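Enquirer: structural data only, the sequence is not supplied:
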């Protein structure tokens, strides 16, 4: 497994620093639909930060849709994860779209989902995306997933082909977590070279305390947590270091690539694990440091 030290850390150029400042000012956050998530967002996250709301197999789509609508009503741009394998049929999809539109939601993030068996007629994200277009969805922003390190259950060639097929139906890509910046950059260049020129937001962890991760894992349920950690093999030991995890080394090594052409990298999508206070404090600290030292 590649490690961060394989890319040497060097002082970023003024252009790269400007790109990083722009990316940190324009991050998006991912939140989990749990009991106090709305309150935590209101307490700690500026309304200028776009949000995505995850879907868990155990809880289904309802908490995700409800939270996305609630946060939209509070002035946020909140995109629910629409997990294709949890949607029964076109009729349910039509109802979901109508509910989201009535609630002012104008963005969605479409994934296949990890349910072992589809609930109905949508086995993957592409099937849901094409049906959304056919029924005339109102969303101005449609995200799809990217997998810089592959997917544990799907062959790399199949993943790459799926991304090319989904791209015409989307406006941007959000990647899964990847702790290897070299792998992320190599993947992004391959994606760009294949003709997929959508902007890519790189998935990074927020500043997450290990106690928070333990509580979140318990709330997700053992099966859901186990599947997540199985896909993120390098995650567990990093987050359970004393004091938790800070994304600075990863962000610093990705900084030069944000300023480069030919890879589509457009910024960061932060997996907060609902540690919103710590993550937003970290972001503001980094922005303040960049502002204080613009050279």
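Expert: Cool, the structure landed. This structure is a prediction, so every number in the text was calculated from the model and none was measured.
Enquirer: which non-adjacent residue is nearest residue 181?
Expert: Excluding its sequence neighbours, the residue lying closest to residue 181 (C-beta to C-beta, 6 or more residues apart in numbering) is residue 253, at 4.3 Å. The way it works is simple: take the backbone N, C-alpha and C, and place the C-beta from them, glycine included.
Enquirer: residue 142 belongs to a strand?
Expert: Yes: assessed by DSSP: H, G, I helix; E, B strand; the rest coil, residue 142 belongs to a strand.
Enquirer: ok, the closest residue to it other than its chain neighbours - contacts?
Expert: Nearest non-adjacent residue to residue 142, counting by C-beta to C-beta, 6+ apart: residue 170, 4.8 Å away. Residue 170 is in contact with 110, 129, 142-144, 198, counting by C-beta atoms under 8 Å, 6 or more residues apart in numbering.
Enquirer: so what touches the host helix or strand of residue 202?
Expert: If you go by DSSP states H and E, residue 202 is part of strand 200-205. Contacts to strand 200-205, defined as C-beta under 8 Å, 6+ apart, come from residues 28, 30, 146, 172-178, 184, 188, 191, 235, 238-239, 245, 247, 250-251, 254, 263-271, 273.
Enquirer: who does that strand pair up with?
Expert: Strand pairing for strand 200-205, determined by DSSP bridges: strand 172-175 (parallel), strand 265-271 (parallel).
Enquirer: contacts for the last one next, please.
Expert: Put plainly, it is strand 265-271. 22-24, 26-30, 52, 172, 174-175, 177, 185, 188, 199-206, 247, 251, 254, 257-258, 279, 283.
Enquirer: what are the buried residues along stretch 102-112?
Expert: 103, 105, 107-112 (16 or more other C-beta atoms under 10 Å).
Enquirer: er, stretch 189-200 I mean
Expert: 189, 191-192, 196, 198, 200.
Enquirer: name the residues of stretch 117-126 that are buried.
Expert: 118-120, 122, 124-126.
Enquirer: same question, stretch 17-29
Expert: Buried, per 16+ other C-beta under 10 Å, within stretch 17-29: 17, 19-21, 23-24, 27-29.
Enquirer: among the buried residues of stretch 102-112, which lie within strands?
Expert: Per DSSP state E, strands hold the following members of the buried residues of stretch 102-112: 107-111.
Enquirer: quote the end-to-end distance of stretch 100-117.
Expert: 25 Å (C-alpha to C-alpha, to the nearest Å).
Enquirer: how far does that stretch sit from its chain's centre?
Expert: Remark: stretch 100-117 is offset 13 Å from the chain centroid, using C-alpha atoms, centre = their mean, to the nearest Å.
Enquirer: repeat that for stretch 19-31.
Expert: 12 Å.
Enquirer: if we can go back for a sec, in helices, which of the buried residues of stretch 17-29 fall?
Expert: Those of those mapping onto helices are 17, 19-21, 23-24, per DSSP state H.
Enquirer: what about residue 52, neighbour count?
Expert: Using other C-beta atoms under 10 Å, residue 52 has 24 other residues around it.
Enquirer: then residue 186?
Expert: Neighbour count for residue 186, taken as other C-beta under 10 Å: 14.
Enquirer: residue 282 contacts residue 247, doesn't it?
Expert: Yes: proximity of residue 282 to residue 247 meets the contact threshold set by C-beta atoms under 8 Å, at 7.4 Å.
Enquirer: now do the shared contacts for the two.
Expert: The contact lists of residue 282 and residue 247 share 206-207, where a contact means C-beta under 8 Å, 6+ apart.
Enquirer: separation between the residue nearest to residue 181 and residue 22?
Expert: To residue 22, residue 253 is 17 Å away according to C-beta to C-beta, to the nearest Å.
Enquirer: I'd like the ones in strands among the buried residues of stretch 102-112 laid out as a markdown table, including pLDDT.
Expert: Listed next are those as a markdown table, based on pLDDT from 0 to 100:
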| residue | pLDDT |
| --- | --- |
| 107 | 98 |
| 108 | 98 |
| 109 | 98 |
| 110 | 98 |
| 111 | 96 |
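Enquirer: name the helices or strands packed onto the helix or strand that contains residue 128?
Expert: Here residue 128, judged by DSSP H and E, is contained in helix 125-135. Where contact means 3 or more C-beta pairs under 8 Å, 6 or more residues apart in numbering; DSSP states H and E, helix 125-135 is packed against helix 90-102, strand 107-111, strand 141-146, helix 156-166.
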